[in-house]
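Colleague: no letters, just coordinates:
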């Protein structure tokens, strides 16, 4: 009788502990993974390093990249609830770098709106003044005295990126990139990224030869090019959470349908449809609490197309540091 009673007490105790553990796990599961911020406004100071280039050629056909002179930019990001606006201006540049790489003018604006399951980036950029380079030249310790330059070359690009999260109960675009809500546990999801991009390039009529760099000896056989791309990219995003700190990585790759209009200096004009591709990578990391936010973001957005035996790449890289306050 005593043994039976002791065994019954042991079984009841074990069952009670197990039930308590189940309740704790259930409470943890039912705890909301997302928390809204109670402050609708956020103002951030932004320091960014944007790199843009367009590439003409092919890996086996002496292609070169056309790059505007790099200028760090500074400005505000203002967010009200789900809508944000970023506007930055270039910082002064040393005269030696202007001589080496030319003088570039870069103006742009991005309007974005982020929700938990959907997000939108609407952007426009105008660039004037390019020099010719390659990754090998930029990594060399012996920079040329002057790169080949196209001071009248212009680029206009604008478009729309839309992001759709397949599992919004595990991954929030709003928490990952807009920081207007808090994600309390790590999670990820497949992401769909329909997009539209317009790219217009004009190389101008002026060519400045390089000194110590003869990768380009005259104007390319391309007076202007326009390319409209519509497509759908597919990818994955994941946010790692530790207390108030976060780190997010999201990437998407997919095909595009393109309409291309090409004017060449030799008078051979082309207008045709084709296929291309787009790669989009977004990363962010930092801290996020009810009063302050801070951290860094990285963006890579590349559109690829092909006309005959010529490949055309338009690539934007942007590294951004930010610090802001909610109110």
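Modeller: Happy to help now that I have it. From a predicted model like this one, the values you see are computed outputs, not experimental measurements.

Colleague: wait, doesn't residue 184 sit right on residue 243?
Modeller: No: look at residue 184 against residue 243 with C-beta atoms under 8 Å: they stay out of range, at 9.7 Å. Heads up, the C-betas are built off the backbone N, CA and C, glycines and all.

Colleague: neighbour count: these two, which is higher?
Modeller: Counted by other C-beta atoms under 10 Å, residue 184 and residue 243 do not tie: residue 184 has more neighbours, with 14 against 8.

Colleague: which non-adjacent residue is nearest that one?
Modeller: Leaving aside its sequence neighbours, residue 184 sits nearest to residue 33 (C-beta to C-beta, 6 or more residues apart in numbering; 5.6 Å).

Colleague: what's the answer for residue 38, then?
Modeller: Using C-beta to C-beta, 6+ apart and skipping the chain neighbours, the partner closest in space to residue 38 is residue 290 (7.1 Å).

Colleague: and if you look at residue 239?
Modeller: residue 248 is the one closest to residue 239 (C-beta to C-beta, 6+ apart), at 4.5 Å.

Colleague: neighbours of the one you found, just the number please.
Modeller: So residue 248, with other C-beta under 10 Å, has 24 neighbours.

Colleague: return the residues in contact with it.
Modeller: Taking C-beta atoms under 8 Å, 6 or more residues apart in numbering, we find residue 248 in contact with 176-177, 237-240, 282-285.

Colleague: try it again with 10 Å
Modeller: By C-beta atoms under 10 Å, 6 or more residues apart in numbering, the contact set of residue 248 is 171-173, 175-177, 183, 188, 237-241, 282-286, 295, 297.

Colleague: likewise for residue 106?
Modeller: 50, 52, 68-71, 73, 88-90, 125-129, 155.

Colleague: try 6 Å this time
Modeller: Residues near residue 106 by C-beta atoms under 6 Å, 6 or more residues apart in numbering: 68, 127.

Colleague: could you say which helix or strand holds it?
Modeller: Using DSSP states H and E, residue 106 falls within strand 105-114.

Colleague: give me the neighbour count for the residue lying closest to residue 35 once chain neighbours are set aside.
Modeller: Excluding the flanking residues, the one nearest residue 35 by C-beta to C-beta, 6+ apart is residue 182, at 4.4 Å. For residue 182, the count of nearby residues is 20 (other C-beta under 10 Å).

Colleague: flag the shaky bits of the stretch 1-150 of the chain, pLDDT-wise.
Modeller: Residue ranges of the stretch 1-150 of the chain with pLDDT under 70: 1-32, 57-63, 135-136, 138-139.

Colleague: would you map the helices across it?
Modeller: Remark: helices assigned in the stretch 1-150 of the chain by DSSP state H, counting those that start in this stretch are 2-30, 95-101, 135-139.

Colleague: state the number of residues packed around residue 152.
Modeller: Residue 152: 14 surrounding residues under other C-beta under 10 Å.

Colleague: ok now do the closest residue to it other than its chain neighbours, which residues does it touch?
Modeller: In this structure, residue 152 finds its nearest non-sequential neighbour in residue 204, 2.8 Å apart by C-beta to C-beta, 6+ apart. Contact partners of residue 204, counting by C-beta under 6 Å, 6+ apart, are 150, 152-153.

Colleague: still on that earlier bit, need phi/psi at the residue nearest to residue 38.
Modeller: phi -70, psi -20 (degrees, to the nearest 10).

Colleague: go on, residue 116?
Modeller: Backbone torsions for residue 116, taken as degrees, to the nearest 10, come to phi -70, psi -50.

Colleague: that one and residue 169 touch, don't they?
Modeller: No: at 9.1 Å, residue 116 and residue 169 do not qualify as touching, with contact defined as C-beta atoms under 6 Å.

Colleague: between those two, who's got more neighbours?
Modeller: Higher neighbour count among residue 116 and residue 169: residue 116, with 20 against 12, using other C-beta under 10 Å.

Colleague: that one - nearest residue in space that isn't next to it in sequence?
Modeller: Closest to residue 116 by C-beta to C-beta, 6+ apart is residue 172, at 4.5 Å.

Colleague: need the pLDDT of the one you found.
Modeller: As predicted, residue 172 sits at a pLDDT of 94.

Colleague: phi first, then psi, for it.
Modeller: Note on residue 172: its backbone torsions stand at phi -120, psi 120 [degrees, to the nearest 10].

Colleague: picking up where we left off before, tally of neighbours for the residue nearest to residue 38?
Modeller: Residues near residue 290, counting by other C-beta under 10 Å, number 12.
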